[in-house]
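> Please find the sequence and the predicted model below.
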Amino acid sequence: MGDLLREKDWASTELGPIESWSQALLTVSSLMMASTFPMSLWWGPNNIVLYNDGYVPFIAEKHPSLYGTRAEDGFEELWDILGGIADAVKSGQSTYSEDQCLTLFRHGFIEETYFTYGFLPVREESGDVGGLLARTTSCRNH
């Protein structure tokens, strides 16, 4: 994933070139990319998605097209749930959901999956929430 991060034309995205990223975004994305624990980071007002290698199995063929796009577009089938979570986290709340059923489009069809995950706010140097860090601990099919 490090190669994808370095090779992406970030200037053509809402995040802009890496050189313009805030210290908070640089630090959290670097920590996330170095981790083997499945994580994704949604940044900015439109929740631009970054994620690490551990997260790829959860999103299947959404990779690599999800990388650097809006979460709302990449998770359109889940946005009625995830949009509310994103709003809550942007207000400063952390969340945790255990064994939650999510109908996710992957493997070419809508699939009933069960995830345990949590989102936490990532604060900018100003104290404002700049993004959301999601940790996903399990996924199973019923």
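Cool, the structure landed. On a predicted model such as this, the values are computed, not experimentally measured, just so you know.
> the helices in this protein, which residues?
Applying DSSP state H to the chain gives helices spanning 2-7, 23-34, 56-59, 71-74, 79-90.
> Least confident of those, on average?
Per-segment mean pLDDT for those reaches its minimum on helix 2-7, at a mean of 85.
> Can you tell me what sits against stretch 102-109?
59-62, 75-78, 81, 110-115 (Cβ atoms under 8 Å, 6 or more residues apart in numbering). Using the backbone N, CA and C atoms, a C-beta is placed for each residue, glycine as well.
> at 10 Å instead, please
Applying Cβ atoms under 10 Å, 6 or more residues apart in numbering, the external contacts of stretch 102-109 come out as 57-63, 74-78, 81-82, 110-115, 117, 139, 141.
> rewinding a little: hey, which of the helices of the chain is tucked in deepest?
Neighbour counts (mean count of other Cβ atoms under 10 Å) averaged over each of the helices of the chain peak at helix 71-74, with a mean of 19.
> Pairing partners for the top strand by length along the chain, with directions?
Ordering each strand of the chain by length in residues (DSSP state E) puts strand 109-123 first. Paired neighbours of strand 109-123 in the sheet (DSSP bridges): strand 95-106 (antiparallel), strand 129-141 (antiparallel).
> Please determine how far the closest residue to residue 78 other than its chain neighbours is located from residue 114.
Distances taken as Cβ to Cβ, 6 or more residues apart in numbering place residue 102 nearest to residue 78, at 5.7 Å, with adjacent residues excluded. As judged by Cβ to Cβ, to the nearest Å, residue 102 and residue 114 stand 7 Å apart.
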